[in-house]
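Engineer: Pasting the sequence and the predicted coordinates here, then a few questions.
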Amino acid sequence: MLHVRFRNAHDTPVSAGQFEQLLGLLAQFTPMVEALPPDAALADVRGALRYFDRDAAGIAELVRLRALAWHGVRCTIGIGANPLLARMAAQAAAPGEIRTVPDRAEAVTAFLDRRPASALHGVGPATARALSAYGLDSVGRIAAAPPGTLQRILGARTGRLVHERARGIDPTPVVPNAAARSMGAEHRFQHDELDPDRRRRALLSLADDLGARLRTTGQVARALTLTVRYADRSTTTRTRRLAEPTAHGPALTEAAYALHAALGLQRARVRSVALRAEDLCRAELAARQLSFDPSDDKAHRIEAAADRARARFGAGAVRPAATLGGAARRTPPPRHGTKPPGPGAGRH
């Protein structure tokens, strides 16, 4: 299995168009390609080894070279016997590197042993804290713990799953799919971010941007996905179905805040956050629940006015004042003879 993560040469996110082209590049080697938006894919290359007369590392090297030469995209590739090991190998690799976990029991154990519990796919910060409270702070210690102990701590299903993954077992198959009908945006912090308020401001900006882009293209989203990338290069991804298909900025922001709060990131060092509007459809095909709340109608009318301003003056002409952080509170007082800002000054 290959787990491939794509980044542009200057470490900027790939666009949706680039992502589809890169999936096509992987499809030249195997039809078993599973898209993992916004910037990764999983490929089962077992059937390609004999055809290309190369091992998995050789095929990974071809993928890496072609992506760089044809698309200017740098690939970080993890190779393992199953999706879990391939994903963890990619997380442990330096940008642009190919990292292989050998298919031997002792090699798998050595690779996993000292890694933190949060390195296991599906183990988020809350689960990692629950395990650490019992001294199970590394994958090796989790693997050595009795399955019954893990089930008492995490519940029957989750405990069994975590125990299997700590031993490098992952029977999940690669499910071929096309790039999801989605639209994404990412914010990369200048420094590893601990402040939840700054993360929320980043989410507000991303949700506002996504909503504007959706409305510009006449689309609405049925689901929203949050991806958090940490300082150790590990990621957590969560998806929430929306109450109704929408491109309304406040509705997307509310869903993003809920996803962020559910992760319980108390002291996590966050490197970047990304939002992706999923399961898109044409706005005219989506039903909207009627509301008798005048404030809801007013919010939509303000949003429409903001869209007209963006169309005339550019995408950055209007944005939520809260995304400016403290800057919004440092506005100098009006000079003598000028009128103070009116009630519509909340957006800049």
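Structural biologist: Perfect, I can see it now.
Engineer: make it CA atoms for all contacts and neighbour counts henceforth
Structural biologist: Noted.
Engineer: could you give the mean pLDDT of stretch 189-207?
Structural biologist: Model confidence over stretch 189-207 averages 92 on the pLDDT scale.
Engineer: Check what contacts it and list those residues.
Structural biologist: 185-187, 230-231, 249-250, 252-253, 256-257, 265, 267-275, 319-320, 322-325 (CA atoms under 8 Å, 6 or more residues apart in numbering).
Engineer: rerun that using 7 Å as the cut-off
Structural biologist: For stretch 189-207, contacts defined as CA atoms under 7 Å, 6 or more residues apart in numbering pick out 185-187, 231, 249, 252-253, 256-257, 267-272, 275, 322-323.
Engineer: What of stretch 161-173?
Structural biologist: Stretch 161-173 has contacts (CA under 7 Å, 6+ apart) with 82, 83, 84, 85, 108, 120, 139, 140, 142, 143, 147.
Engineer: any idea how far the second one is from residue 101?
Structural biologist: Per CA to CA, to the nearest Å, residue 83 is found 11 Å from residue 101.
Engineer: The two: which is more packed in?
Structural biologist: Between residue 83 and residue 101, residue 83 has the larger neighbour count (other CA atoms under 10 Å), namely 25 against 20.
Engineer: what's near enough to touch the more buried one?
Structural biologist: 1, 170, 172.
Engineer: among those, which ones are buried?
Structural biologist: For the contacts of residue 83, a burial check counting by 16 or more other CA atoms under 10 Å picks out residue 1.
Engineer: Point out the least confident one among the contacts of residue 83.
Structural biologist: residue 172 (88).
Engineer: Pretty sure that one sits in a helix.
Structural biologist: No. When classified by DSSP: H, G, I helix; E, B strand; the rest coil, residue 172 is found to be coil rather than part of a helix.
Engineer: picking that back up, most neighbours among the contacts of stretch 161-173, please name it.
Structural biologist: residue 85 (29 neighbours).
Engineer: what about that one, which helix or strand?
Structural biologist: helix 83-92 (DSSP states H and E).
Engineer: Report the mean confidence score over that helix.
Structural biologist: Mean per-residue pLDDT for helix 83-92: 94.
Engineer: now do stretch 52-67
Structural biologist: Confidence for stretch 52-67, expressed as mean pLDDT, is 95.
Engineer: hmm, back to that, any chance of the contacts of residue 83 in JSON lines, plus distance to residue 299?
Structural biologist: Shown next, in JSON lines, are the contacts of residue 83 (distance: CA to CA, whole Å):
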{"residue": "1", "distance to residue 299": "48"}
{"residue": "170", "distance to residue 299": "47"}
{"residue": "172", "distance to residue 299": "44"}
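Engineer: for the contacts of residue 83, which one is nearest residue 301?
Structural biologist: Nearest to residue 301 out of those is residue 172 (CA to CA; 46.6 Å).
Engineer: ok, how many other residues are close to residue 106?
Structural biologist: By other CA under 10 Å, the residues close to residue 106 number 9.
Engineer: next one: residue 20
Structural biologist: Residue 20: 16 surrounding residues under other CA under 10 Å.
Engineer: Now do the helix or strand encompassing it: distance to the chain's middle.
Structural biologist: Assigning secondary structure by DSSP H and E places residue 20 in helix 16-27. Relative to the centre of its chain, helix 16-27 is centred 18 Å away, using CA atoms, centre = their mean, to the nearest Å.
Engineer: which element follows that helix toward the C-terminus?
Structural biologist: Note on helix 16-27: by DSSP H and E, the next helix or strand toward the C-terminus is strand 33-36.
Engineer: Lovely, talk soon.
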